[in-house]
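[1] I'd like to go over a predicted model; first the sequence, then the structure.
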Amino acid sequence: MVKQAIFIVMFFSPLVFSSGQQPTIIPQPVSMKTGEGSFIVDGNTQIRFDEEQADLKKAADFFSAALLNIAGIGLKYNSGKGKAIELEKVDIPAIGPEGYLLDVTQEKIFLRANTGKGIVYGMQSLLQLLPAVRTNAVPEIPVLSVTDYPRFKWRGMHLDVSRHFFGPEVIKEYIDLLASYKMNVFHWHLVDDQGWRIEIKKYPKLTEIGAWRVDHTGMAWGGRPQAKPGEKPAYGGYYTQDQIKEIVQYAADRNVTIVPEIEMPGHVASAIAAYPELSCNQKPQLPLTGGNYTNVSSNYCAGNDEVIHFLEDVLSEVFELFPSTYIHVGGDEVDKSAWKACELCRERMKNEKLNDENELQSWFMKRMERFIVSNGRKMIGWDEILEGGLAPEATVMSWRGEAGGIEAARMKHNVVMTPGTPCYFDHYQAGPAGEPLAIGGFNSLKMVYDYEPVPKELTSEDAAYVLGAQGNLWTEYISTVEHLEYMVLPRMVALAEVLWTPREDKDWNSFNERLQNQFRAYEQKGLHYCAGNNTVGIIPVSQNGKLAVELTTEILNGEVFYTLDGSEPTLQSNKYSGPVEITSDVLLKAVTVLKGQVKGGQAARQNFVIHMATGRAVNYANPVSVNYRADGSNSLTDGVRGTEAVGKYWHGIPGRDLVATIDMGENKTVSKIALGCLQKYRDWIFMPETVTFEVSMDGTIFETMKTVQNPIGREVPVMQHDFTAEFAAREVRYVRVTARNTLCPAGHPGAGKPAWIFADEIIVN
Ligand code: ACM
Ligand code: ZN
């Protein structure tokens with residue numbers, strides 16, 4: 001404590017450095033005070049530390065190598081001469097195991113931490129203050145004083161190397177990126193239907209067969225076809241155990257723990273292709289090159305003890321390779337239909353007194369957890385492992401929104417938050433016009449920055465079970481390292497600050513400004529990144545029968561110009577200065593303007609309709625999905641028409657009918673009611689079978705005006721359609737609309753399963 005007190009009284013008046021720049025570090029440190037002048041690194045600069053301490057030696061090597069790279073200067077180790085960078089391990093509980101104290105004066109850099117990890121984090125901060133690449137500039141570090149430590153323990157990034165394979169050099173680059181922003185977990189998704197990527201000595205066919213598939217140009221990832229006659233599955237690859245050991249050490253030197261994911265019991269077509277006897281029907285399956293997960297052959301049999309032994313063997317080799325406490329076992333999206341028809345699975349259910357297939361999966365996960373725990377490790381899985389009963393000590397990764405994380409934390413289980421919005425970095429971050437094809441969704445940089453990992457539903461006691469959060473990068477649509485970089489930069493950087501910096505110190509404008517330095521560094525290093533989401537955010541605010549819109553831009557110092565007559569906005573159009581009231585049907589278009597220039601891409605556009613139910617409360621019989629709430633409970637009367645982007649302005653109802661009742665507050669003369677719907681084949685969203693329109697004066701007795709059949713073919717990929725009832729004008733106070741849900745059609749990956757209904761507006765005239 002004495003050391004800390006001394007540290008705290010050292011402060012400097014804030015001022016501008018000789019370079020004219022305030023130091024910018026991401027994530028923003030807990031506390032940073034700046035001073036005058038800088039520490040100049042030269043050929044005599046030494047690094048001083050106790051060489052008996054191996055972690056300090058490693059840290060010194062790491063920093064020295066980085067400096068040699070960017071400045072061509074080799075630091076002298078404990079030479080006794082020259083200005084010093086001094087490393088010291090201390091005992092200051094307040095900064096925790098990952099924190100550090102950094103004091104830079106013109107004569108000395110003094111870096112202290114409780115652990116070698118903290119020292120390395122201090123070095124990462126120093127590296128952000130130096131040039132990103134080799135230049136002729138004098139390497140100087142501004143005088144400053146930093147106290148720093150992370151908010152969360154789990155600061156993760158995931159990478160799917162199954163859908164597309166990325167070699168060891170790309171993995172190291174990815175780890176470098178994580179480490180430079182003080183992220184500390186790399187969740188390596190090594191197993192999925194499209195490829196088994198980890199060498200397992202006892203089962204060589206996993207990689208001889210399971211690591212390879214055919215790859216036809218222009219083919220969607222999900223439709224892995226059978227090989228054409230004579231065609232060899234030529235796409236793929238895997239990591240040898242030697243490569244993995246090297247990568248694990250590389251990561252550890254940078255404070256990154258690799259959590260391997262050995263997916264089970266679903267998403268394993270690659271393993272079944274290699275060892276068909278592990279599936280329920282135990283027969284070789286076509287395609288031998290892996291299928292998509294709706295193929296019944298893509299699951300292990302949960303009734304076959306050989307499967308358990310196989311997985312124990314696999315995990316035993318995994319334990320040898322990965323020192324991580326956590327072992328990820330997947331558990332998501334298991335298609336249990338093969339289990340229903342399997343004698344061994346039925347026998348297991350009978351013997352273990354399991355009521356359904358969810359409980360069978362739960363039994364399977366608990367069985368694996370027992371093995372993992374008996375080997376001194378902990379099991380983590382996707383939130384489906386809650387279904388049918390959570391294994392006793394399991395940690396839950398909440399990806400289908402936050403509900404799984406909330407449930408698990410309330411059960412006093414650790415959780416890692418990775419909700420699709422905003423933690424899936426395979427979603428669009430801008431556009432989508434002009435952006436590389438993405439799987440869907442929309443998670444812009446600001447959405448990531450605004451993310452709060454602790455759900456507000458949790459008590460402060462349960463909140464302690466939230467270890468942190470993670471960004472996920474699934475690679476169905478990502479096949480090159482350039483594209484990979486583009487999807488994580490800069491969203492990973494925003495998440496890093498969310499997970500490190502105290503919540504009250506987060507500041508979007510400051511982050512956006514500090515990010516500009518990182519952009520320059522990416523350009524110098526040749527890294528690909530998304531420079532920003534130019535698309536103006538159009539945020540409707542409807543209440544009490546009135547509709548207004550707010551317009552926002554994520555671009556630093558950007559302005560917004562807009563039109564309401566459908567014309568393209570220019571610098572001569574309306575300049576946005578506050579909420580715009582909408583009083584008639586309009587098409588609003590808006591653009592971001594920076595330094596007098598309209599930023600590229602399409603103008604953001606939004607149709608608004610004003611009608612008799614605008615701003616009125618909507619009562620649902622079946623709940624709207626928490627993931628598709630649009631702009632709130634009254635989205636169907638907010639006057640906002642949806643677009644083909646499913647993430648915005650649509651209320652989504654999974655697997656059930658939409659039954660919506662509106663009280664217009666007073667009697668109105670009505671002659672026409674419409675319901676706007678979306679079909680999006682790829683996303684399991686289909687037009688309802690029928691839509692029935694009813695009216696009432698008292699909210700109890702309803703009279704049917706019309707039932708409209710769906711006129712749109714199930715095969716149509718994307719379409720918006722208004723179901724409409726017209727009738728003789730009459731006095732009405734209540735309107736009820738019932739849209740009947742349908743099943744996904746034959747030939748669709750979800751054939752026979754319930755579809756989604758997506759609706760944007762009930763228009764009453
Ligand atoms: C997942 O995205 N299936 C975990
Ligand atoms: Zn079975």
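    That came through fine. Ligands and ions are numbered 1, 2, ... in the order given.
[2] three-state assignment of residue 512?
    Here residue 512 is recorded as helix under DSSP: H, G, I helix; E, B strand; the rest coil.
[3] List the residues that contact the residue nearest to it when sequence neighbours are not counted.
    Distances taken as CB to CB, 6 or more residues apart in numbering put residue 556 closest to residue 512, at 4.4 Å, once the chain neighbours are dropped. For every residue, glycine as well, the C-beta is placed using N, CA and C. Neighbouring residues of residue 556 by CB atoms under 8 Å, 6 or more residues apart in numbering: 509, 512, 513, 515, 516, 532.
[4] any idea how far residue 556 is from residue 509?
    7 Å (CB to CB, to the nearest Å).
[5] I'd say residue 422 and residue 446 touch.
    No - using CB atoms under 8 Å, residue 422 makes no contact with residue 446, being 9.1 Å away.
[6] what about these two, which has more around it?
    Comparing residue 422 with residue 446 by other CB atoms under 10 Å, the one with more neighbours is residue 422, at 25 against 20.
[7] is it true that the more buried one lies in a helix?
    Yes - the assignment for residue 422 is a helix, going by three-state DSSP.
[8] Who are the contact partners of it?
    Here residue 422 is in contact with 443, 444, 447, 448, 450, 451 (criterion: CB under 8 Å, 6+ apart).
[9] And it, how close does it get to residue 407?
    Distance, residue 422 to residue 407, by CB to CB: 20 Å.
[10] Name the SS class of whatever residue of the chain ends up closest to ligand 1, please.
    Ligand 1 sits closest to residue 332 of the chain, with a gap of 4.1 Å, by CB to the nearest ligand atom. Following three-state DSSP, residue 332 is assigned to coil.
[11] Find the nearest non-adjacent residue to it, please.
    Residue 332's closest residue in space is residue 382 (CB to CB, 6+ apart), at 3.7 Å.
[12] give me phi/psi at that neighbour?
    phi -70, psi 160 (degrees, to the nearest 10).
[13] Same check on the one 4 residues further on?
    Phi and psi for residue 386, reported as degrees, to the nearest 10, are phi -80, psi -30.
[14] can you check residue 760 too?
    phi -110, psi -30.
[15] can you tell me which helix or strand the nearest residue to it once chain neighbours are set aside belongs to?
    Leaving aside its chain neighbours, residue 760 sits nearest to residue 642 (3.5 Å; criterion: CB to CB, 6+ apart). Using DSSP states H and E, residue 642 falls within no helix or strand.
[16] wait, what's in contact with residue 642?
    630, 648, 649, 650, 676, 678, 720, 758, 760, 761.
[17] Was I right to think the last one contacts residue 631?
    No - counting by CB under 8 Å, no contact exists between residue 761 and residue 631, whose distance comes to 11.7 Å.
[18] Which of these two has more residues huddled nearby?
    Neighbours were counted for residue 761 and for residue 631 using other CB under 10 Å; residue 761 has more, 28 against 16.
[19] Apart from its chain neighbours, what residue comes closest to that one?
    residue 676 (4.7 Å).
[20] Residue numbers of this structure in contact with ligand 2?
    Contact residues (CB under 5 Å from the ion) of the chain with ligand 2: 280, 301, 303, 342, 344, 345.
[21] how many other residues sit next to the second one?
    Think residue 301. Neighbours around residue 301, by other CB under 10 Å: 25.
[22] With residue 166 as the reference, measure out to the nearest residue to residue 176 once chain neighbours are set aside.
    Residue nearest to residue 176 in three dimensions, not counting chain neighbours: residue 254, with 7.0 Å by CB to CB, 6+ apart. Using CB to CB, residue 254 is found at 18 Å from residue 166.
[23] and the helix or strand where residue 675 lies, how far out from the chain's middle?
    Per DSSP H and E, residue 675 falls inside strand 658-680. For strand 658-680, the separation from the chain centroid amounts to 35 Å (computed by CA atoms, centre = their mean, to the nearest Å).
[24] Which other helices and strands does the helix or strand following it contact?
    Per DSSP H and E, the first helix or strand lying C-terminal to strand 658-680 is strand 690-696. Judged by 3 or more CB pairs under 8 Å, 6 or more residues apart in numbering; DSSP states H and E, strand 690-696 is in contact with strand 658-680, strand 703-709, strand 718-739.
[25] Please work out which of those is packed deepest.
    Stretch with highest mean neighbour count among the helices and strands packed on strand 690-696: strand 658-680 (a mean of 19; mean count of other CB atoms under 10 Å).
[26] Tell me which stretches of the stretch 101-250 of the chain form helices.
    Under the criterion DSSP state H, counting those that start in this stretch, the stretch 101-250 of the chain contains helices at 116-129, 168-180, 205-208, 241-253.
[27] Relative to residue 316, tell me which of those helices wins on proximity.
    In terms of CB to CB, the element of these nearest to residue 316 is helix 241-253, at 12.5 Å.
[28] Check which helices and strands that closest one sits against.
    Looks like helix 241-253 contacts helix 168-180, strand 257-264, helix 305-321 (3+ CB pairs under 8 Å, 6+ apart).
[29] Which of these has the highest mean neighbour count?
    strand 257-264 comes out most buried of those by mean count of other CB under 10 Å, with a mean of 24.
[30] Please compute how far that strand lies from its chain's middle.
    Worked out by CA atoms, centre = their mean, strand 257-264 lies 17 Å from the chain centre.
[31] Let me know the angle separating it from helix 168-180.
    Between strand 257-264 and helix 168-180, the angle comes out at 120 degrees (axes from the mean of the first three to the mean of the last three CA atoms, to 10 degrees).
[32] Please identify the pairing partners of strand 257-264 and their relative orientation?
    strand 185-189 (parallel), strand 326-330 (parallel) (DSSP bridges).
[33] Give me the mean pLDDT for the first one.
    This points to strand 185-189. For strand 185-189, mean pLDDT rounds to 98.
[34] With stretch 513-528 instead?
    96.
[35] Stretch 533-544 now?
    Mean predicted lDDT for stretch 533-544 stands at 85.
[36] again, but for stretch 758-765
    96.
[37] Quick one: closest of the helices and strands packed on helix 241-253 to residue 751.
    strand 257-264 (23.6 Å).
[38] In PDB, please show the C-alpha coordinates belonging to the closest one.
    This file holds the C-alpha atoms of strand 257-264, laid out as PDB (Å, rounded to 0.1, in the frame of the first residue of the first chain):
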ATOM      1  CA  THR A 257      -5.400 -18.400 -23.000                       C
ATOM      2  CA  ILE A 258      -6.700 -20.600 -25.800                       C
ATOM      3  CA  VAL A 259     -10.000 -22.300 -25.000                       C
ATOM      4  CA  PRO A 260     -10.400 -25.100 -27.500                       C
ATOM      5  CA  GLU A 261     -13.900 -26.000 -28.600                       C
ATOM      6  CA  ILE A 262     -14.400 -29.700 -29.300                       C
ATOM      7  CA  GLU A 263     -18.000 -29.500 -30.500                       C
ATOM      8  CA  MET A 264     -20.400 -32.200 -29.400                       C
END
